[in-house]
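Asks: Prediction below, plus the sequence it came from.
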Amino acid sequence: QVQTVESGGGVVQPGGSLTLSCSISGTIANLLAIGWYRQAPGKQREVVAAISNYGSTIHYADSVKGRFTISRDNAKQTVWLQMNNLKPDDTGDYYCNSGRWEPVISGNPSGPWGQGTQVNVSS
């Protein structure tokens, strides 16, 4: 089973930047798509970005296009989410998870959910 551990969250002012990291473990980790998900207070979890197993296909939610960049290094078994020009609406708990492409981008990854990392964008 593939497991994921998130890190890199924090408190940042609007317009600031953060880079989240997702450490992946498991024998088939490099064969799966990885998604970053966000759960804002009082809202459902939503997918913000996803990357295919070898990075050839990328998906972004409309709300983060042009501001967030997802990337992965399979040798390091790590996926990053570079977040620029952060807005208060980006506040929430961020999770990464794995699975086949369609379930990942539709919000139904197959791995277990980790603890997440909290992002707070406020002045």
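Replies: Nice, I can see it.

Asks: What's the separation between the residue nearest to the spatial centre of the chain and A75?
Replies: Residue closest to the average C-alpha location in the chain (Cα atoms, centre = their mean): W36, at 2.0 Å. According to Cβ to Cβ, to the nearest Å, W36 and A75 sit 20 Å apart. (Glycine included, C-beta is placed from N, CA and C.)

Asks: returning to that earlier point: let me know whether the residue nearest to the centre of the chain touches S98 as I believe.
Replies: No: taking contacts as Cβ atoms under 8 Å, W36 lies outside contact range of S98: 11.2 Å.

Asks: Would you map the helices across the protein?
Replies: Along the chain, the segments classed as helices by DSSP state H run 101-105.

Asks: Mind jotting down where the strands sit in it?
Replies: Using DSSP state E, the strands of the chain run over 3-7, 10-12, 18-25, 33-39, 46-51, 58-60, 68-73, 78-83, 92-99, 117-121.

Asks: mind giving me JSON lines with these and columns for distance to S106?
Replies: Putting the strands of the chain into JSON lines (distance: least, Cβ to Cβ, whole Å) gives the following:
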{"stretch": "strand 3-7", "distance to S106": "18"}
{"stretch": "strand 10-12", "distance to S106": "29"}
{"stretch": "strand 18-25", "distance to S106": "19"}
{"stretch": "strand 33-39", "distance to S106": "9"}
{"stretch": "strand 46-51", "distance to S106": "8"}
{"stretch": "strand 58-60", "distance to S106": "10"}
{"stretch": "strand 68-73", "distance to S106": "16"}
{"stretch": "strand 78-83", "distance to S106": "18"}
{"stretch": "strand 92-99", "distance to S106": "10"}
{"stretch": "strand 117-121", "distance to S106": "23"}
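
Asks: In CSV, list the ones you listed along with mean pLDDT.
Replies: Listed next are the strands of the chain as CSV, based on pLDDT from 0 to 100:
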stretch, mean pLDDT
strand 3-7, 95
strand 10-12, 98
strand 18-25, 96
strand 33-39, 97
strand 46-51, 98
strand 58-60, 98
strand 68-73, 97
strand 78-83, 98
strand 92-99, 97
strand 117-121, 98
